[in-house]
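K.L.:
what follows is a protein structure lacking sequence information:
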């Protein structure tokens, strides 16, 4: 049996066998099967959390998605991000004719066949996303979103030889150094903290012999961190939300309403001018945003009507109302959910699929409403100052 990509550790009388994989490599899946059958471990740890484990086990998960519930739970952007992040891996898996995450699937099947206890060793992906997002500034978030969505439409292919090279630890370390040069705030929650979390879960796995199936990028960190005791409770803590967005979110509409009300008292004509300007800028730009996403005309009209009001309430968003209208008029069918994995590989597919179009309508209508708030607010202030001077 080849020991390539395998790291063996001995700690406190237990043996840990770490298999570094490339996630979309057929050779990785074959190696996982070979190692588990040969070693007959007491436990098999896989780099999945409960949510991703269910996704792997349930191939029909998209068919059961309630798009209205996604909108109500304010998870449209999260779902769009999840689709974007997974599209690159799915494209490579399709290129090589294998299932995405096949080595994890193989680990699950081999654990069942050998009677080993299966351990879901990774941190909840929602907590990881929250810690990434909470620790990034506006510039970092903007760059990350552009990078993620840019990867969706990349047509660059990778050879299987290059893919196997990705599993070499020195190459992985070099990639991480380049990666963190662009997104220094991303490495800690995405790699370092998960190394700590994974190492503790692997160490706590039952039995004297444990096999762990991991992305190769995690193996060096886990090898270092497994000798320490990690605080899983602290690693599972969501970052506290800053109070400033909420303060600013309420301060702006209170300020806008205040100066419009004052203007009405001193000059009703100027007050009406402010009100119309606010409504037109907010409504028009939100509707334009919805139309950019090829929204149904009634969904765009919904954005136009809702935006002037939702911009004055931080708890609401014009995109949600436009999204509800789009979902009601153009309700996705089973075929739309079935084709999601393929459709997210191209701009055309993203805009043509009814599911992703709803998500895009929400995002672009909200972007338009935000621009309308800035421009409309500036015009309201202009009229206010002009009225004071007169």
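P.N.:
Arrived safely. All values derive from a computational prediction rather than experimental measurement.
K.L.:
which parts of the stretch 1-150 of the chain are strands?
P.N.:
Remark: strands assigned in the stretch 1-150 of the chain by DSSP state E, counting those that start in this stretch are 6-11, 14-21, 43-46, 117-120.
K.L.:
now the last one: buried residues?
P.N.:
When burial is assessed from 16 or more other CB atoms under 10 Å, strand 117-120 yields the following buried residues: 118-120. C-beta: built from backbone N, CA, C; applies to glycine.
K.L.:
neighbouring strands - and their directions - for it?
P.N.:
Here strand 117-120 is paired, per DSSP bridges, with strand 43-46 (parallel).
K.L.:
who touches the strand it pairs with?
P.N.:
Contact partners of strand 43-46, identified using CB atoms under 8 Å, 6 or more residues apart in numbering, comprise 36, 53, 104, 107-108, 110-111, 116-122, 198, 201-202, 205-207, 209-213.
K.L.:
one more pass at 6 Å, please.
P.N.:
Outside strand 43-46, the residues that touch it by CB atoms under 6 Å, 6 or more residues apart in numbering are 104, 107, 111, 116-119, 121, 202, 205-207, 210-213.
K.L.:
right, and out of those residues, which lies closest to residue 303?
P.N.:
Checking those against residue 303 by CB to CB gives residue 104 as the nearest, at 40.6 Å.
K.L.:
hang on, the earlier thing: and which of the contacts of strand 43-46 is nearest residue 362?
P.N.:
Distance to residue 362 across the contacts of strand 43-46 (CB to CB) is lowest for residue 104, with 31.2 Å.
K.L.:
coming back round to it: just the ones of the contacts of strand 43-46 in helices?
P.N.:
104, 107, 111, 202 (DSSP state H).
K.L.:
which of those residues has the most neighbours?
P.N.:
Among those, residue 107 has the most neighbours (other CB atoms under 10 Å), with 28 neighbours.
K.L.:
quick one, phi/psi of residue 116?
P.N.:
Backbone geometry at residue 116, expressed as degrees, to the nearest 10, gives phi -80, psi 150.
K.L.:
what sits against it?
P.N.:
By CB under 6 Å, 6+ apart, the neighbours of residue 116 are 41, 43-44.
K.L.:
distance of the residue nearest to it when sequence neighbours are not counted from residue 9?
P.N.:
Leaving aside its chain neighbours, residue 116 sits nearest to residue 44 (4.7 Å; criterion: CB to CB, 6 or more residues apart in numbering). The gap separating residue 44 from residue 9 is 16 Å, by CB to CB, to the nearest Å.
K.L.:
which one of these two has more residues nearby?
P.N.:
residue 44 (28 against 18).
K.L.:
longest helix in the chain, by residue count?
P.N.:
Looking across the chain with DSSP H, the single longest helix is helix 354-389.
K.L.:
would you mark the buried spots in that one?
P.N.:
Neighbour-count burial for helix 354-389, counted by 16+ other CB under 10 Å, picks out 354-373, 375-377, 379-380, 383-384, 387.
K.L.:
how much space separates residue 69 from residue 350?
P.N.:
From residue 69 to residue 350 the distance is 21 Å (CB to CB).
K.L.:
scratch that, residue 265
P.N.:
Distance, residue 265 to residue 350, using CB to CB: 49 Å.
K.L.:
neighbour-wise, which of these two wins?
P.N.:
Applying other CB under 10 Å to residue 265 and residue 350 shows that residue 350 carries more neighbours, namely 24 against 9.
K.L.:
can you tell me the SS state at that one?
P.N.:
helix (DSSP: H, G, I helix; E, B strand; the rest coil).
K.L.:
skip the chain neighbours and tell me the closest residue to it.
P.N.:
With CB to CB, 6+ apart as the criterion, residue 350 has its nearest non-adjacent residue at 5.0 Å, and that residue is residue 356.
K.L.:
how much space separates that neighbour from residue 265?
P.N.:
For residue 356 relative to residue 265 (CB to CB), the value is 47 Å.
K.L.:
give me the neighbour count for residue 329.
P.N.:
13.
K.L.:
residue ranges with poor pLDDT in this protein?
P.N.:
In the predicted model, the chain carries pLDDT under 70 at residues 1-2, 23-26, 58-67, 70-71, 74-100, 135-183, 334-335, 337-338, 340-342, 344-347.
K.L.:
ok, now which ones touch residue 289?
P.N.:
364-365, 367-368.
K.L.:
closest to residue 299 out of those?
P.N.:
Of all those, residue 365 has the smallest distance to residue 299: 8.1 Å, by CB to CB.
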